[in-house]
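> Pasting the sequence and the predicted model now:
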Amino acid sequence: MSLIRKLTLILPVSLAFFAVSGWAQTAAIEGVVKGPDGKLLQGAQMKIDRLDVKGNYTVKTDKRGHYFYGGLPGGSYKVSVVVDGKERDFQNGVPIKIGETQNLNFDLSKSETPGPATVDESGRALSAAEKAEAEKKNKEQAAALAKNKALNDSFNEGKTAAAAGQWDAAIAGFTKAGEVDPAQHVVWGNLADAYVGRSKATPAGKDADLAKAAESYQKAIALKADDAAYLNNYALVLAQEKKFDEAQAQLTKAAQVDPTNAGKYYFNLGAVYVNTGNMDPATAAFKKAIELDPNYAEAYFQYGLSLIAKATIDNGKTNAPPGTAEAFQKYMDLAPNGPNVETAKAMMASMGATVQTNFKAAPAPGKKK
């Protein structure tokens, strides 16, 4: 009897999706303020007033005339410079986007220079050209604000629904966000994840959802090609679609752009091969995974399985390739309470190998471990 048939009960290998980055929920604003003399102005109060909903924030400039305020929600703001209790300059309708830092500088030597002008409601003098430019900027900022609000609302609807496993609503939210701003890679990454989630929850539509997931991952990767999570997750979708060569190419890219986690990507590559019955390349992938991450317990276990799958039985004795017993032993050393310890012991016993266990004596009372 072939030992390979006995091992099919503990295959396939699970593949691990990587979490797609979430949308940063706050923003920041910073800049430099120069006084009427053109020098950096220390101690000026910066008033940051949100226009679309109630919200007021203040911060003072430091000795370099610099100010910074973080933790702002996205929205439209009026930012003012207050000196000696009087508003000296401001910018209205400043769009603040979540996940970004808005840079906004002020120069009171210019803003307080008189000239042919009209006067706005605060008394600040503006020339006709400045007023026209300000009106133009206000219109552009209003449009940007409306777009930003629609994007954030739709994206957050998707995130909330996805967290609750409401995949139809999640897909609708992320799709709407993608229509508002198709240049946001995180939208497409989360949309792809939502399609994968629904493919698991609703097997009847699995093929169509996987195709949509693959399409969305492609859009995310086109915008951010150095995101290993996208590459990894796209590869796993391709593997489910039985596009194994393409899956291998994506996992190889993931390992290249994220060498710190390369062991995990090669492990996933090995899993793809195992689940398609290609044991030789699976063995090579698992071996590469443990070379890159010597403490990756599960990789040692799967490496041992891939080796023992090539074993022969001679007069009731299992003859496994060199390194098989060592791989199982290393797994048990790294994960003594792991879920596959008993299987590893059974595999070693079938080869006549001795399982090495090390027990530490309990420390004496009052002594440190």
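Received the coordinates, thanks. Numbers count the residues shown, from 1 in each chain.

> Please enumerate the strands of the stretch 201-350 of the chain.
312-314, 317-319 (DSSP state E, counting those that start in this stretch).

> Could I get those in a markdown table, plus columns for mean neighbour count, mean pLDDT and distance to residue 243?
Every residue, glycine included, has its C-beta placed from N, CA and C. Converted to a markdown table, those look like this (neighbours: other C-beta atoms under 10 Å; pLDDT from 0 to 100; distance: least, C-beta to C-beta, whole Å):
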| stretch | mean neighbour count | mean pLDDT | distance to residue 243 |
| --- | --- | --- | --- |
| strand 312-314 | 11 | 80 | 33 |
| strand 317-319 | 14 | 79 | 35 |
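
> want to throw those strands into JSON lines with distance to residue 292?
Listed next are those as JSON lines, based on distance: least, C-beta to C-beta, whole Å:
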{"stretch": "strand 312-314", "distance to residue 292": "30"}
{"stretch": "strand 317-319", "distance to residue 292": "29"}
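
> For residue 80, find the nearest of those.
Between residue 80 and the strands of the stretch 201-350 of the chain, the tightest spacing by C-beta to C-beta is seen for strand 317-319, at 79.4 Å.

> Residue 88: which of the strands of the stretch 201-350 of the chain is closest?
Of all the strands of the stretch 201-350 of the chain, strand 317-319 sits nearest to residue 88, with 85.0 Å by C-beta to C-beta.

> can I get the CA coordinates of the helix or strand containing residue 95 in PDB?
Taking DSSP states H and E as the definition, residue 95 sits inside strand 86-96. This file holds the C-alpha atoms of strand 86-96, laid out as PDB (Å, rounded to 0.1, in the frame of the first residue of the first chain):
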ATOM      1  CA  LYS A  86      -7.700  89.700  16.400                       C
ATOM      2  CA  GLU A  87      -8.100  87.600  13.300                       C
ATOM      3  CA  ARG A  88      -5.300  88.600  11.000                       C
ATOM      4  CA  ASP A  89      -5.700  86.200   8.100                       C
ATOM      5  CA  PHE A  90      -7.700  83.100   7.200                       C
ATOM      6  CA  GLN A  91      -8.400  80.600   4.500                       C
ATOM      7  CA  ASN A  92     -12.000  79.300   4.100                       C
ATOM      8  CA  GLY A  93     -13.300  75.900   2.800                       C
ATOM      9  CA  VAL A  94     -10.000  74.100   3.300                       C
ATOM     10  CA  PRO A  95     -10.600  70.400   2.400                       C
ATOM     11  CA  ILE A  96      -9.100  68.000   4.900                       C
END
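
> OK, contacts around the residue in the chain sticking out farthest from the centre?
Farthest-out residue of the chain from its mean C-alpha position, per C-alpha atoms, centre = their mean: residue 315, at 53.1 Å. Under the criterion of C-beta atoms under 8 Å, 6 or more residues apart in numbering, the contact list for residue 315 is empty.
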